[in-house]
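**Q** coords please:
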Amino acid sequence: MMARPPLPIGTHGQIRLYRLGQRRWRARTKFRDHDGVVREVERTGTSRAAAEQRLKLALRDRGRTALAGEISGDTKVAALGSLWLAEIDRAVAQGKRSPTTAHQYRYRFDRHVKAGLGQLRVRELTVSRLDQLVADVHDRYGTAAAKTTRTVLSGMVGLAVRHDALDRNPVRDVGRIESETSSAKSLTLDQARELRGKIAASEKAIEWDVVELTDFMLATGLRIGEACAVTWDALDLDAGTVEVRGTVVRVPGTGLVLKWRTKSRSGFRTLELPTWAVTMLKARRAHATANEWGVVFTAPMGGLRDPSNTQADLRVVFAAAGYSWVTSHVYRKTVATLMDAAGLSARAAADQLGHAKVSMTQDNYFGRKVAKTGAAAVLEAITATPKKPHKDGGKGGA
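**A** Model prediction:
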């Protein structure tokens, strides 16, 4: 007699049903696990059909576990999140992810996802449950928090799908998060000139050493973290250019670090400087104290500048100057607006600001040969003396 062939890995034999009492049934079968060992699997229920259904669900998830390893439909959401965050941490170690991004993901996971869904099983993650969580976060914490939470959920559940714990990612069907609309404010040329003058005369701005930093941001449109990361060797003051190479970030447990990776691939760029910015930088270099990073704009005590703390200082300075609505981001918008008013292209503005793309076609077929965006010539006007209106000295018209 030929031996019965073994069960294939991840499959089960015939399901047997046993009555245990008035309203109690047991469903039992044999299952061949991923290690090749055949084991008994059973589930009970209040009816024959209920016991069989529970066993089939357990076998489905056990089969997925056999193929996928540590993630199944029975895995708790809290455990799934920990596994996904471990993947993010590995990406940070490989330089593929920003430490700041990893910190934001972990914060949103702990605060919203783990707190709201952590004890659910992966197979219990329905569109309605996920949609409700994202909507609650949006109502309580705003659009940015909701979008990050949705990203975290999508990444986690995507990991479960890759491990065959789910057939599809239900986060894809979560309702769209509408962005908060706000008018994009920027400084006019006259306002930029006035604000520069007030900052230059501000005792606080001088004490906190932000006079030249704000000038530099207005001359380039750099993000505040990028400006804080500019090093002297990134400047060619004879040619009047600056290379944008990275940003300053705070890494939990480490502190402030220079991250030689910009927000997007297009963030690495070389820009022309207005002549007044070159003059300012030459003067700053003449009296600069050396620092271990070689950065141009250090904190008042000599360390790396914390972009968040610098933002707080700037809010005080701007408010004292009568421009409480201005932020460092308004400087970026001002550069873009002045370029647009001068007739420069959207591509030039994207190159100046380090945006990833204007459109997919332009990104694929136009080279990013930066340094000639035209912004430097436009921004020369910031230090120009405005012409006074002509006044007729006569007493009457001719």
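**Q** what sits against the residue positioned nearest the centre of the chain?
**A** With distances taken as Cα atoms, centre = their mean, Thr101 lies nearest the centre of the chain, 5.4 Å away. By Cβ atoms under 8 Å, 6 or more residues apart in numbering, the contact set of Thr101 is Ile88. Every C-beta, even on glycine, is put in place using the N, C-alpha and C of the backbone.
**Q** how far away is it from Met156?
**A** 15 Å (Cβ to Cβ, to the nearest Å).
**Q** so where's the stretch 101-250 of the chain uncertain?
**A** Counting by pLDDT under 70, the ranges of the stretch 101-250 of the chain that qualify are 179-184.
**Q** Dump the C-alpha coordinates for stretch 84-97 into PDB.
**A** Extracted C-alpha coordinates of stretch 84-97, given in PDB (Å, rounded to 0.1, in the frame of the first residue of the first chain):
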ATOM      1  CA  TRP A  84       6.800  48.900  10.400                       C
ATOM      2  CA  LEU A  85       8.600  51.600  12.500                       C
ATOM      3  CA  ALA A  86      11.600  49.200  12.700                       C
ATOM      4  CA  GLU A  87      11.600  49.200   8.900                       C
ATOM      5  CA  ILE A  88      11.600  53.000   8.900                       C
ATOM      6  CA  ASP A  89      14.500  53.000  11.400                       C
ATOM      7  CA  ARG A  90      16.500  50.800   9.100                       C
ATOM      8  CA  ALA A  91      15.800  53.100   6.200                       C
ATOM      9  CA  VAL A  92      17.100  56.000   8.400                       C
ATOM     10  CA  ALA A  93      20.300  54.100   9.100                       C
ATOM     11  CA  GLN A  94      20.800  53.500   5.400                       C
ATOM     12  CA  GLY A  95      20.300  57.200   4.600                       C
ATOM     13  CA  LYS A  96      17.100  56.600   2.800                       C
ATOM     14  CA  ARG A  97      14.800  58.300   5.300                       C
END
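**Q** contacting residues around it?
**A** 98-99, 101-102, 105-106, 109, 152, 155-156, 159, 261.
**Q** Would you mind checking the residues you listed for buried ones?
**A** 98-99, 102, 105-106, 109, 152, 155-156, 159, 261 (16 or more other Cβ atoms under 10 Å).
**Q** Now flag whichever of those residues is closest to Thr383.
**A** Arg261 (33.0 Å; Cβ to Cβ).
**Q** Check that closest one and give its pLDDT.
**A** Here, the pLDDT recorded for Arg261 equals 69.
**Q** The one 10 residues further on now?
**A** At Leu271, the predicted lDDT confidence score is 92.
**Q** If we go by neighbour counts, what in stretch 341-348 is buried?
**A** 344, 347-348.
**Q** need the strands for the stretch 151-300 of the chain, in chain order.
**A** Taking DSSP state E, counting those that start in this stretch to define them, one finds strands in the stretch 151-300 of the chain at 235-236, 241-244, 247-251, 255-259, 269-272.
**Q** so which of these comes closest to Val77?
**A** Going by Cβ to Cβ, the one of the strands of the stretch 151-300 of the chain nearest Val77 is strand 247-251, 26.8 Å.
**Q** Okay, now the sheet partners of that closest one, with direction.
**A** Next to strand 247-251 in the sheet, as set by DSSP bridges, lie strand 255-259 (antiparallel).
**Q** which parts of the strand it pairs with are buried?
**A** 256-259.
**Q** who's in contact with the closest residue to Thr75 other than its chain neighbours?
**A** Distances taken as Cβ to Cβ, 6 or more residues apart in numbering put Val122 closest to Thr75, at 4.9 Å, once the chain neighbours are dropped. Taking Cβ under 8 Å, 6+ apart as the contact definition, Val122 lies against 71-77, 80, 157, 160, 165-166.
**Q** would TSV of those residues with neighbour count be doable?
**A** As requested, the contacts of Val122 are exported to TSV (neighbours: other Cβ atoms under 10 Å):
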residue	neighbour count
Ile71	22
Ser72	25
Gly73	20
Asp74	16
Thr75	21
Lys76	16
Val77	24
Leu80	26
Val157	23
Ala160	24
Ala165	25
Leu166	20
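**Q** Can you measure across stretch 298-316, start residue to end residue?
**A** End-to-end distance for stretch 298-316: 19 Å, by Cα to Cα, to the nearest Å.
**Q** how distant is that stretch from the center of its chain?
**A** 21 Å (Cα atoms, centre = their mean, to the nearest Å).
**Q** For it, give me every contacting residue.
**A** Contact partners of stretch 298-316, identified using Cβ under 8 Å, 6+ apart, comprise 204, 207-210, 213-214, 224-225, 228, 247-250, 256-258, 289, 291, 293, 295, 297, 324, 327-328.
**Q** repeat that for 7 Å
**A** Outside stretch 298-316, the residues that touch it by Cβ atoms under 7 Å, 6 or more residues apart in numbering are 204, 208-210, 224-225, 228, 248, 250, 256, 289, 291, 293, 295, 297, 328.
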